[in-house]
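S.K.: Okay, sequence plus prediction incoming.
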Amino acid sequence: MASVVELTYYPVKGCAGTSVGEASLTPAGLAHDRTFMVVGEEGVGRTQRRDPRLALVRPTVGDGGERLTLRAPGVEPLDLRVDTAGARRKVDLLGTLHQGIDQGGAAAEWFTEVLRAPSRLVRVPPEHDRVTDGRTPGTSAYADSCALHVVSRATLGLLERKLAERGVPPLPMNRFRPNIVVDGWDEPHTEDRAHRLRIGDTELGYAKLAIRCAVTMVDQGTGAKAGPEPLRTLAGYRRAAGGGVAYGTKYAVVRTGTLSVGDAVDVTSWGASEL
């Protein structure tokens, strides 16, 4: 029987994740997932595509989301009281404009030092009403697209075998930054065809395949690009019909509740892969 073996949320877009044994599932995904984003001087969101050093930042959410602690090698930790009521400003998330609440000068100075480029930290406002695309519409905070990203261990296992054929060592799951890791599916990429999932008291609806980018080439432990893998190998067997390389699946939240490591993953509706 398939089950959840890892749950991870990413408080600050592009930064390190927090693995938990249990998490609340909100309409926008795991609680606190990508509720913050680092932006440049013009309000354009920073991602590991161009700022791989984001991976070095280890955020911790406390007091139910009212505090954020930031840690990174070589700098003093910064503890912030989260501002959810300040003035809104326009921010650019992958070419689409949204609103953000600036978290102040101390956070700006801290990220500027870590990333070696002028930066500010914003939080998604409470009234954020983004609508995400895909077969099942939903919402998310500052995630690239949908609320949840799911990858199975069988899917990673196939990639590891393909890499081994090239003499390349295995890569950790964190290269793909999933929210939910599933074990117990025998066939790799079963998540492509699992179009409705029931996990605990929650329900997820398939939105679309996850099209991968250069972030998968960033070593999440060092914050340095270490390509060309895995994109080179994935391009040999995971080219999507609509373009790009697909690995993992994006889901929208159909029913909120609580997710826990160990929960059974029940597929209640199957469909054809869009690959």
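M.R.: All right, it came through fine.
S.K.: so where do the strands sit in the stretch 1-150 of the chain?
M.R.: 3-9, 18-20, 22-26, 29-30, 36-39, 58-62, 67-71, 78-81, 88-93, 96-102, 120-123, 148-152 (DSSP state E, counting those that start in this stretch).
S.K.: could you dump those strands to TSV with distance to Asp183, mean neighbour count and mean pLDDT?
M.R.: C-beta coordinates here come from the backbone N, C-alpha and C atoms, glycine included. Output for the strands of the stretch 1-150 of the chain, formatted as TSV (distance: least, Cβ to Cβ, whole Å; neighbours: other Cβ atoms under 10 Å; pLDDT from 0 to 100):
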stretch	distance to Asp183	mean neighbour count	mean pLDDT
strand 3-9	4	19	98
strand 18-20	15	16	97
strand 22-26	17	18	97
strand 29-30	18	26	98
strand 36-39	30	26	98
strand 58-62	25	17	97
strand 67-71	30	18	98
strand 78-81	36	15	97
strand 88-93	32	17	96
strand 96-102	35	17	97
strand 120-123	34	26	98
strand 148-152	7	25	98
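S.K.: For Ala31, see how far away Gly257 is.
M.R.: Gly257 is 11 Å from Ala31, where distance means Cβ to Cβ, to the nearest Å.
S.K.: try Thr8
M.R.: Applying Cβ to Cβ, the value for Thr8 to Ala31 is 12 Å.
S.K.: wouldn't Thr60 be in contact with Leu68 here?
M.R.: Yes. In this structure Thr60 lies within contact range of Leu68 using Cβ atoms under 8 Å: 7.3 Å.
S.K.: what residues are shared contacts of these two?
M.R.: The overlap between the contact sets of Thr60 and Leu68 (Cβ atoms under 8 Å, 6 or more residues apart in numbering) consists of Pro11.
S.K.: about what we covered before: what about the strands of the stretch 1-150 of the chain, which gets the closest to Trp185?
M.R.: Closest to Trp185 of the strands of the stretch 1-150 of the chain is strand 148-152 (Cβ to Cβ; 5.0 Å).
S.K.: Can you name the residues that contact the residue lying closest to Val181 once chain neighbours are set aside?
M.R.: Nearest residue to Val181, sequence neighbours excluded (Cβ to Cβ, 6 or more residues apart in numbering): Glu6, at 3.7 Å. Shown in contact with Glu6 (Cβ under 8 Å, 6+ apart): 19, 173, 178, 180-181, 261.
S.K.: do that again at 7 Å, thanks
M.R.: Glu6 makes contact with 19, 181, 261, according to Cβ atoms under 7 Å, 6 or more residues apart in numbering.
S.K.: again, but for Ser3
M.R.: So Ser3 contacts 183-184, 262-265 (Cβ under 7 Å, 6+ apart).
S.K.: Which of those residues fall in strands?
M.R.: 183, 265 (DSSP state E).
S.K.: Any figure for the gap between Lys250 and Gly184?
M.R.: Lys250 is 21 Å from Gly184, where distance means Cβ to Cβ.
S.K.: quick one: buried residues of stretch 259-272?
M.R.: 259, 261, 263, 265 (16 or more other Cβ atoms under 10 Å).
S.K.: what comes into contact with whichever strand or helix holds the first one?
M.R.: In this assignment (DSSP states H and E), Leu259 forms part of strand 257-260. Surrounding strand 257-260, the residues in contact under the criterion Cβ under 7 Å, 6+ apart are 4, 7, 21-25, 199-202.
S.K.: can you check stretch 222-229 too?
M.R.: Applying Cβ under 7 Å, 6+ apart, the external contacts of stretch 222-229 come out as 52-53, 55-56, 163, 168, 171, 217-219.
S.K.: Quick check: end-to-end length of that stretch?
M.R.: 16 Å (Cα to Cα, to the nearest Å).
S.K.: before we move on, the earlier item: turn the strands of the stretch 1-150 of the chain into JSON lines, columns for distance to Glu229.
M.R.: Shown next, in JSON lines, are these (distance: least, Cβ to Cβ, whole Å):
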{"stretch": "strand 3-9", "distance to Glu229": "22"}
{"stretch": "strand 18-20", "distance to Glu229": "24"}
{"stretch": "strand 22-26", "distance to Glu229": "30"}
{"stretch": "strand 29-30", "distance to Glu229": "28"}
{"stretch": "strand 36-39", "distance to Glu229": "26"}
{"stretch": "strand 58-62", "distance to Glu229": "24"}
{"stretch": "strand 67-71", "distance to Glu229": "28"}
{"stretch": "strand 78-81", "distance to Glu229": "34"}
{"stretch": "strand 88-93", "distance to Glu229": "27"}
{"stretch": "strand 96-102", "distance to Glu229": "30"}
{"stretch": "strand 120-123", "distance to Glu229": "31"}
{"stretch": "strand 148-152", "distance to Glu229": "16"}
